[in-house]
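# Structure for the following, please:
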Amino acid sequence: MMHKIESEQILKDSFLIFSFAIQRQPHGHHHCGCLFADDDGNISFLHLAWNYDLRCDPVPEGYYWNNIEMLPSHKKYLAGLCGCIQDKHPDVPYGLDPNGISFNEDGSINIISDSGTGLTCATFILTLLKCYGFLLLDEKTWPTQKDEKTQRTIIIGLQRIPPQATQEKIVQNTNCIGMRFFYPNEVVGASLCNEKEWPVAYERAEELARIVNTYTDSEVLAIPKS
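Got it, this is the predicted structure:
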């Protein structure tokens with residue numbers, strides 16, 4: 001079950017340590033990130049908003065979150081990692097290929113220049129989890145050649161929306177078209193499973209993504225007709 005975020009206090013009353021939040025944006029795509037509590041119980045939203053635009057914002061009212069079925073000790077590790085990433089504020093490129101990109105326990109980032117091109121808001125979460133060995137998705141079960149339209153839209157955005165990617169990065173990302181692509185609702189949907197059921201295969205994640213959609217789609221802003 002997912003819950004709408006009405007206020008930070010509701011999350012505090014739920015004893016939130018670490019979780020994910022998601023919302024469908026007015027342009028139709030989902031956006032997701034990590035909710036985490038610091039040592040004083042204050043809750044923040046850590047997310048990759050765009051190219052080199054890693055943010056740690058106040059609790060995002062109107063998003064949906066779920067109480068992940070995870071050992072409290074594991075949640076504390078991940079909340080601590082979020083705090084370290086917040087402090088380090090590493091430069092995180094946006095891109096289609098997350099391979100070769102990883103976080104260290106101190107919140108710094110490793111990027112192998114000839115491998116990964118960058119992260120999305122969804123693969124930011126997956127990469128963060130992998131720092132402590134948590135594999136949310138059984139990534140090899142995801143199909144290839146499935147999401148080329150979305151991938152091309154991202155590349156157009158990297159060309160046009162500041163801060164734009166370099167021409168070298170545009171070429172590298174273009175070469176990634178057709179590779180596996182992970183949507184925010186698939187990632188957050190998979191987290192509806194108990195961590196003992198991780199990694200979650202594609203077909204199951206798709207089922208759970210549709211459940212996520214039943215919550216987020218009710219919140220899409222109506223676009224008035226001109």
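# immediately after the helix ranked longest in the chain, which helix or strand?
Longest helix in the chain, counting residues (DSSP state H): helix 72-88. Counting by DSSP states H and E, the next helix or strand C-terminal to helix 72-88 is strand 101-103.
# Centre of the chain to that following strand, how far?
Remark: strand 101-103 is offset 14 Å from the chain centroid, using Cα atoms, centre = their mean, to the nearest Å.
# elements contacting that strand?
The contact analysis (3 or more Cβ pairs under 8 Å, 6 or more residues apart in numbering; DSSP states H and E) places strand 101-103 against strand 109-111, helix 121-130. Glycine gets a C-beta too; all of them are placed from N, C-alpha and C.
# nearest to residue 51, of those?
Among those, the nearest to residue 51 by Cβ to Cβ is helix 121-130 (11.7 Å).
# so what secondary structure elements neighbour the longest helix of the chain?
Using 3+ Cβ pairs under 8 Å, 6+ apart: helix 72-88 touches strand 18-24, strand 30-37, strand 43-50, helix 121-130.
# Just send these back as CSV, with mean neighbour count and distance to residue 172 too.
Output for these, formatted as CSV (neighbours: other Cβ atoms under 10 Å; distance: least, Cβ to Cβ, whole Å):
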stretch, mean neighbour count, distance to residue 172
strand 18-24, 23, 28
strand 30-37, 24, 24
strand 43-50, 21, 17
helix 121-130, 22, 15
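# And the residue nearest to the spatial centre of the chain, how close does it get to residue 166?
When Cα atoms, centre = their mean is applied to the chain, the residue found nearest the centroid is residue 122 (3.0 Å). Going from residue 122 to residue 166 by Cβ to Cβ, to the nearest Å gives 23 Å.
# Likewise for residue 183?
Distance of residue 183 to residue 166, computed by Cβ to Cβ: 26 Å.
# In terms of neighbours, single out the busier of these two.
Shown here are residue 183 and residue 166; by other Cβ atoms under 10 Å, residue 183 has more neighbours (21 against 11).
# Who are the contact partners of the more buried one?
Going by Cβ atoms under 8 Å, 6 or more residues apart in numbering, residue 183 touches 30, 122, 147, 209.
# so where is this protein shaky, pLDDT-wise?
Where the chain drops to pLDDT under 70, the residues are 114-115, 219-226.
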